[in-house]
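[1] Turn this into a model:
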Amino acid sequence: MRPAPGAGAGPGVVAGPGVVLLPGVGCCAWQLAGQAAALSAAGRRGELLDLPGHGGEAPVEGTATLEAVAERVGGRVAALAAGGPVDVVGHSTGGVVGLLVAVRRPGLVRRLVLLDSNVPVAPRELAAKRARAAAVRADGWHEVLVSSMRAAWGPRAPRLRERVVAELAAAPEAAVRALWADVLELDPRPLLRAAPVPLLHVRSTRDVDAAGLRALNPLASAADLRPLRAGHWPHLVEPGAVAAVLVPFLGGGPGA
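    Numbering: from 1, shown residues only. From the prediction side, this is the model:
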């Protein structure tokens, strides 16, 4: 784990609950450094944490399933939460991992942000997501990963897109394939219903119905950034817009 540049305690930075920032599958924590800097400016301490087998983080033993990854990340979050619960911000698969940690380890997470995470609650969108898992389990999965992520980027910032796509393409199969397939096959509704903390879903591309999410869990809220056309990485394409919804939400109390 690497602290974000400028995210450590310093003059004007208020001590308080830390914020753990988790990237998505095939991605690295540097992509969330801008959000960590925004949190630091608001008096919060951001911690960038790579998923196992990504960046400088060691892989899990055996197959990197969603459960195995969440167990490893939960242990790392627990070490950071020795003084009390922390907030978790997860992009895409990082949000799903954060959701598992919040449910499996009560009292560890104070607030949770799912940044364009793939957690549909309507049956049609859920079925479409789960149908895609077959392509990840089959030969040619790597081409599916790269092409789908490139398409999910959106029309803006093409140079930055190529950097992110190159990082995705170079991600080890052992770290991404089973994890991605598990996320696609997951029915997130029981976890969303069981989440014991305030959670915010920031929608940029994913088909997650805000009303359906709130019906599952009264602690859930949503922000819709689709009009920005920022693609699946809005924290890179429109970092200010993401910070504008993330920082106030994380500034609330544990039950607010």
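[2] rest of the way, CA atoms for contacts and neighbours
    OK.
[3] To what extent is the spatially closest residue to residue 238 that is not a sequence neighbour buried, counted in neighbours?
    Using C-alpha to C-alpha, 6 or more residues apart in numbering and skipping the chain neighbours, the partner closest in space to residue 238 is residue 230 (6.4 Å). If you count neighbours by other C-alpha atoms under 10 Å, residue 230 ends up with 23.
[4] Same question for residue 138.
    10.
[5] In contact with it: list those residues for me.
    Residue 138 makes no contacts at all, as judged by C-alpha atoms under 8 Å, 6 or more residues apart in numbering.
[6] gap between stretch 46-55 and the chain center?
    Distance of stretch 46-55 from its chain centroid, counting by C-alpha atoms, centre = their mean, to the nearest Å, is 11 Å.
[7] quick one, phi/psi of residue 91?
    phi -90, psi 130 (degrees, to the nearest 10).
[8] Quick check: the residue nearest to it when sequence neighbours are not counted vs residue 32, distance?
    Nearest non-adjacent residue to residue 91, counting by C-alpha to C-alpha, 6+ apart: residue 115, 4.5 Å away. To residue 32, residue 115 is 11 Å away according to C-alpha to C-alpha, to the nearest Å.
[9] Comparing these two, which residue is more hemmed in?
    residue 115 (30 against 24).
[10] I figured that one was touching residue 92, is that so?
    Yes. Assessed by C-alpha atoms under 8 Å, residue 115 is found in contact with residue 92 at 6.0 Å.
[11] ranges for the helices of the stretch 1-150 of the chain?
    33-41, 66-80, 93-104, 123-131, 133-137, 141-153 (DSSP state H, counting those that start in this stretch).
[12] Which strands and helices lie in contact with the fifth one?
    Right, helix 133-137. helix 141-153, helix 173-185 (3 or more C-alpha pairs under 8 Å, 6 or more residues apart in numbering; DSSP states H and E).
[13] mind listing what's buried in the last one?
    Judged by neighbour count using 16 or more other C-alpha atoms under 10 Å, the buried positions of helix 173-185 are 174, 175, 176, 177, 178, 179, 180, 181, 182, 183, 184, 185.
[14] Please list all residues in contact with the fourth one.
    Residue 177 makes contact with 136, 137, 141, according to C-alpha under 8 Å, 6+ apart.
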